[in-house]
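Q: predicted model and sequence follow; I will ask about them next.
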Amino acid sequence: MAKWWKALAGAGVISLLPGAALAAGDIGGATMGPLWALPFAGMLLSIALGPILFHHLWELHYGKFAAFWALLLLVPLVTLRGFDASLGAVLHTALLEYLPFIILLFALFTIAGGILITGNLHGSPATNTVILAIGTVMASIVGTTGASMILIRPLLRANDNRRHNVHVVVFFIFLVSNIGGSLTPLGDPPLFLGFLRGVDFFWTTWHLLPETGFAVVVLLPLFYALDSYLYSKDDSLPSLKDPTPDRNLKLWGKVNIPLLAGVIAAILLSANWKPGIVFDIHGVHVELQNLVRDVILLGLAGLSLVLTPKQVRAGNEFSWGPILEVAKLFAGIFICIIPVLAMLQAGREGAFSSLVALVNHPDGSHNTVAYFWLTGLLSSFLDNAPTYLVFFELAGGNAKELMTTGALTLAAISGGAVFMGANTYIGNAPNFMVYAIAKDRKVAMPSFFGYMLWSGAILIPVFILQTFLFFR
């Protein structure tokens, strides 16, 4: 055993050693060994386990965890691969992926946080099902985070006089916080990363519509049947006092609705306007249309902050904490994933050749079932955005090819990342936010593993059926 560890360590050290001089941005992925993936694995495991194993410490110091793993990657990268190569790789990730990604999330978070629904409905099975259906549609327009934050409190108020209401929040996470965001790059972060890599804005709308529609057609009637049964059980027991009596709904912050339309317009502008003006920053080509898009998104977020009354954001319990956490953690993720993507781009010549073999048939064609389930299962326990990037690169990383000859593979990767982010509380950012809000409102939410019993019993059979119907 000791000899085995020495051999592995030796191979890892050799893989870290520099080769010939590398060009700016080229860190030599084909010559990298598995130890280069350690910071990325550590970063994702910290995100997955930190909130569960040491919640208080994590809440206070998650930024330091992210900085630790980023430095653990950057120091040897600069030392062994050269400053120019390292700077080019970091700038490529920062300017073309991280900043546009965070700017979009910031804009959606800010604008959606300025929309408030007050009043209260009676949480009947029909009402709850309609709210879930509306939220599922909204998720692809304002993002899973935006739709979740707008609708979770009205849904909780509607059901706060019911003894059985846990299932309402669980299905909300399934549909609104995850599956509903599968139809546009605005819906879920993995799809926006695909958009930044060249996937057309409406590609997922058409190619994931059957899979998404199937999941919704199965889950909404199932929810209605379960909610009707539990609602009848509530009726047979003495009624609870309703802390939020029924009253008419009212929408506040309407100024943010045209701002959301502006976000969509800005994304479409960057996809269709090609002026051919490119800025070269240390070998990184930044296109004018993308700069214009990001400036517009920041401007729309600024308008939302100026035009939305403060009491509206107060009613939403709006704070900058969630978006700051996402910004810090994803800075660490995007830095740590640099060598992983470089090794995946090396294909069969890289350190992940065994993974390449796992998702391909012997003749070299893509195993779409493997792509769907591996992307999905990893997205269940790691964040689905970096997981999407890993398998996007594993499939070749060429958006034009994946959208045409590799369309089924790209659909499998996209569906696995978005759909199966619902399997655990940590698969997608809104999941844990909804869990925390519901728990704060005295809903007896299931534990981490208790929630997995729900998702395992309800979602996994749906995903198995999707596999046979769509991904074979």
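A: Perfect, thanks for sending it.
Q: tell me the gap between stretch 370-390 and the middle of its chain.
A: 10 Å (Cα atoms, centre = their mean, to the nearest Å).
Q: OK, contacts around L96?
A: Each residue near L96 by Cβ atoms under 8 Å, 6 or more residues apart in numbering is listed here: 196, 284, 286, 290. Glycine gets a C-beta too; all of them are placed from N, C-alpha and C.
Q: surely the third one forms part of a strand?
A: Yes - going by DSSP: H, G, I helix; E, B strand; the rest coil, the assignment for V286 places it inside a strand.
Q: my read: it touches F279, true?
A: Yes - here V286 reaches F279: they are 4.7 Å apart, a contact under Cβ atoms under 8 Å.
Q: who has more neighbours, the two?
A: Neighbours around V286 and F279, counted as other Cβ atoms under 10 Å, are more numerous at V286. The numbers are 18 against 12.
Q: ok, back up a step: and the two most separated of the contacts of L96?
A: Farthest-apart pair in the contacts of L96 is L196 and V284; separation 13.2 Å (Cβ to Cβ).
Q: check the offset of the helix or strand containing G194 from the chain's centre.
A: G194 is part of helix 189-196, with elements assigned from DSSP states H and E. Relative to the chain's own centre, helix 189-196 is displaced by 9 Å; criterion: Cα atoms, centre = their mean.
Q: give me the contact list for that helix.
A: Helix 189-196 has contacts (Cβ under 8 Å, 6+ apart) with 96-97, 100-101, 104-105, 181-182, 184-186, 199, 201, 204, 267, 271, 379, 384-385, 387-389, 392, 399, 410, 414, 417-418, 429.
Q: for the chain, which residues score under the pLDDT cut-off?
A: 1-25, 236-246, 382-383 (pLDDT under 70).
Q: which helix in it runs the most residues?
A: The helix that spans the most residues within the chain, counting by DSSP state H, is helix 125-158.
Q: so the next helix or strand after that one versus helix 125-158, what angle?
A: Going down the chain from helix 125-158, the next helix or strand is helix 166-175, by DSSP H and E. Counting by axes from the mean of the first three to the mean of the last three Cα atoms, to 10 degrees, helix 166-175 lies at 100 degrees to helix 125-158.
Q: is M138 in contact with S148, as I believe?
A: No - the pair M138 and S148 fails to qualify as a contact (Cβ under 8 Å) at a distance of 9.3 Å.
Q: more neighbours, these two?
A: Comparing M138 with S148 by other Cβ under 10 Å, the one with more neighbours is S148, at 29 against 22.
Q: got the contact list for the more buried one?
A: Neighbouring residues of S148 by Cβ under 8 Å, 6+ apart: 135, 139, 172, 176-177, 430, 433-434.
Q: any idea which of those residues has the most stuff around it?
A: S177 (32 neighbours).
Q: ok, so of the contacts of S148, who is nearest I458?
A: For the contacts of S148, the nearest to I458 is F172 (12.9 Å; Cβ to Cβ).
Q: all strands of the stretch 151-300 of the chain, in order?
A: Along the stretch 151-300 of the chain, counting by DSSP state E, counting those that start in this stretch, strands occupy 247-252, 278-281, 284-287.
Q: deepest of these, which one?
A: When those are scored by mean count of other Cβ atoms under 10 Å, the highest mean neighbour count falls to strand 284-287 (a mean of 16).
Q: just give me how far it sits from the chain centre.
A: Distance, centroid of strand 284-287 to centroid of chain: 25 Å (Cα atoms, centre = their mean).
Q: same check, this time on stretch 291-303
A: Worked out by Cα atoms, centre = their mean, stretch 291-303 lies 21 Å from the chain centre.
Q: quick one: the closest residue to T127 other than its chain neighbours from N431, how far?
A: Excluding the flanking residues, the one nearest T127 by Cβ to Cβ, 6 or more residues apart in numbering is L121, at 5.2 Å. L121 sits 24 Å away from N431, going by Cβ to Cβ, to the nearest Å.
Q: compare these two (neighbour count), which wins?
A: Comparing L121 with N431 by other Cβ under 10 Å, the one with more neighbours is N431, at 23 against 20.
Q: not counting the helix or strand in which the more buried one is found itself, show me its contacts.
A: Assigned by DSSP H and E, N431 falls within helix 429-440. The contact list for helix 429-440 (Cβ under 8 Å, 6+ apart) reads 51, 144-145, 148-149, 152-153, 156, 169, 172-173, 176-178, 189, 322, 326, 383, 421-422, 424-426, 445, 451.
Q: hmm, try it at 7 Å
A: 51, 144-145, 148, 152-153, 156, 169, 172-173, 177, 322, 326, 425-426, 445 (Cβ atoms under 7 Å, 6 or more residues apart in numbering).
Q: need the next SSE after that helix, C-terminal direction.
A: Next element after helix 429-440 (DSSP H and E): helix 448-470.
Q: same for that following helix, what does it pack against?
A: helix 166-175, helix 209-235, helix 368-381 (3 or more Cβ pairs under 7 Å, 6 or more residues apart in numbering; DSSP states H and E).
Q: make TSV out of those helices and add distance to L307.
A: Compiled in TSV, the helices and strands packed on helix 448-470 are given as follows (distance: least, Cβ to Cβ, whole Å):
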stretch	distance to L307
helix 166-175	29
helix 209-235	33
helix 368-381	36
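Q: can you tell me the helix or strand for W69?
A: helix 55-81.
Q: could you give me the buried positions within that helix?
A: By neighbour count with 16 or more other Cβ atoms under 10 Å, helix 55-81 contains the buried residues 58, 62, 65-67, 69-70, 72-74, 76-77, 80-81.
Q: list the buried residues in stretch 316-325.
A: Of the residues in stretch 316-325, those buried (16+ other Cβ under 10 Å) are 316, 318, 322-323, 325.
Q: using TSV, lay out the contacts of L96 together with distance to I257.
A: Below are the contacts of L96 laid out as TSV (distance: Cβ to Cβ, whole Å):
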residue	distance to I257
L196	26
V284	36
V286	31
N290	25
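Q: wait, which of those residues is closest to L249?
A: L249 lies nearest to L196 out of the contacts of L96, by Cβ to Cβ, at 36.8 Å.
Q: and the closest one, how far from L80?
A: 28 Å.
Q: same check on P189?
A: With distances taken as Cβ to Cβ, P189 is found 31 Å from L80.
Q: same deal with Y98?
A: 23 Å.
Q: ok, now I52?
A: 34 Å.
Q: go on, K400?
A: 34 Å.
Q: likewise I173?
A: 43 Å.
Q: which residues are in contact with N256?
A: Residues in contact with N256 (Cβ under 7 Å, 6+ apart) are 111, 114-115, 304, 308.
Q: now do 10 Å
A: 110-116, 142, 146, 150, 262, 300, 303-304, 307-308, 312 (Cβ atoms under 10 Å, 6 or more residues apart in numbering).
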